[in-house]
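**Student:** For reference, the sequence and a predicted model appear below.
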Amino acid sequence: MVPELTFRRYDAAGAKTIRDTVESIHHEAYAAAIERGDPFESGDAPMQRFDIYTSREGFDLVIAFLNGQPVGQAWGWALGPDSAWWKGLIGEVEPGFTDEDGTRTFAFSEFMVRARYAGRGIGHALHDELLASRKEQRATLLVRPENTTAYQRYTRWGWRKAAELRPAMPHAPLMDVLILPLPLGR
């Protein structure tokens, strides 16, 4: 059963004002990866990416609150014609797959729930809240193939693998590209 959640939505300017909250949620959600010393999730790397992401046109952040406490977050933005999102794509994709115009694809960039709140349906509710009002035709996200827990959830929620990609970022791992058709974009 999903607990009683409230959601707050932030644009880029608003997200920058709650940077400490974003960092706190990330730190707890990725505590195991940070302890292992994963360079993609440790140190300043995650918040450096956040600072870059909040410079994107149309940045959209949703934070889930339980009893007034922030328990999870998800964010992304629509891919514009000059987007670097598809750089690092591996293998062949259908013609036009990477064509972007700012209305075709929503990049579902980050998604996390504090570890102590995992397994309560908060993640799914947060995922749905971020995507519910999106008007793009589809959403895309990147997931590590070995992250079987997340991968299984995404496929249960309708996401399908379309390609592989290694993001053009320091220490970025090989990721699977998943795609989800969006109801409002049809």
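**Tutor:** Yes, it's here. Numbers count the residues shown, from 1 in each chain.
**Student:** Which helix or strand contains the spatially most central residue of the chain?
**Tutor:** Most central in the chain under Cα atoms, centre = their mean is residue 110, positioned 2.4 Å from the mean C-alpha point. Residue 110 belongs to strand 105-113 when assigned by DSSP states H and E.
**Student:** Which other helices and strands does that strand contact?
**Tutor:** helix 19-29, helix 45-53, strand 69-78, helix 122-132, strand 138-143 (3 or more Cβ pairs under 8 Å, 6 or more residues apart in numbering; DSSP states H and E). The C-beta positions use only the backbone N, C-alpha and C, and glycine is treated the same way.
**Student:** Pull up the pairing partners for that strand, direction included.
**Tutor:** strand 69-78 (antiparallel), strand 138-143 (parallel) (DSSP bridges).
**Student:** Make a markdown table from those strands and add mean neighbour count to it.
**Tutor:** Formatted as a markdown table, those follow (neighbours: other Cβ atoms under 10 Å):
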| stretch | mean neighbour count |
| --- | --- |
| strand 69-78 | 22 |
| strand 138-143 | 21 |
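**Student:** Quick check: the residue lying closest to residue 116 once chain neighbours are set aside vs residue 52, distance?
**Tutor:** Distance criterion Cβ to Cβ, 6 or more residues apart in numbering; nearest residue to residue 116, sequence neighbours excluded, is residue 28 at 7.3 Å. For residue 28, the distance to residue 52 equals 22 Å [Cβ to Cβ, to the nearest Å].
**Student:** Those two: which has the busier surroundings?
**Tutor:** Between residue 28 and residue 52, counted using other Cβ atoms under 10 Å, the more crowded position is residue 28 (17 against 10).
**Student:** hang on, that one packs against residue 118?
**Tutor:** No - with contact defined as Cβ atoms under 8 Å, residue 28 does not reach residue 118; the gap is 10.1 Å.
**Student:** Quick one, grab the pLDDT at residue 125.
**Tutor:** Model confidence at residue 125, given as pLDDT, is 94.
**Student:** Tell me how far it lies from residue 65.
**Tutor:** Residue 125 is 11 Å from residue 65, by Cβ to Cβ.
**Student:** Which one's more surrounded, the two?
**Tutor:** Taking neighbours as other Cβ under 10 Å, residue 125 and residue 65 compare with residue 125 leading, 18 against 14.
**Student:** which non-adjacent residue is nearest residue 161?
**Tutor:** Distances taken as Cβ to Cβ, 6+ apart put residue 176 closest to residue 161, at 5.2 Å, once the chain neighbours are dropped.
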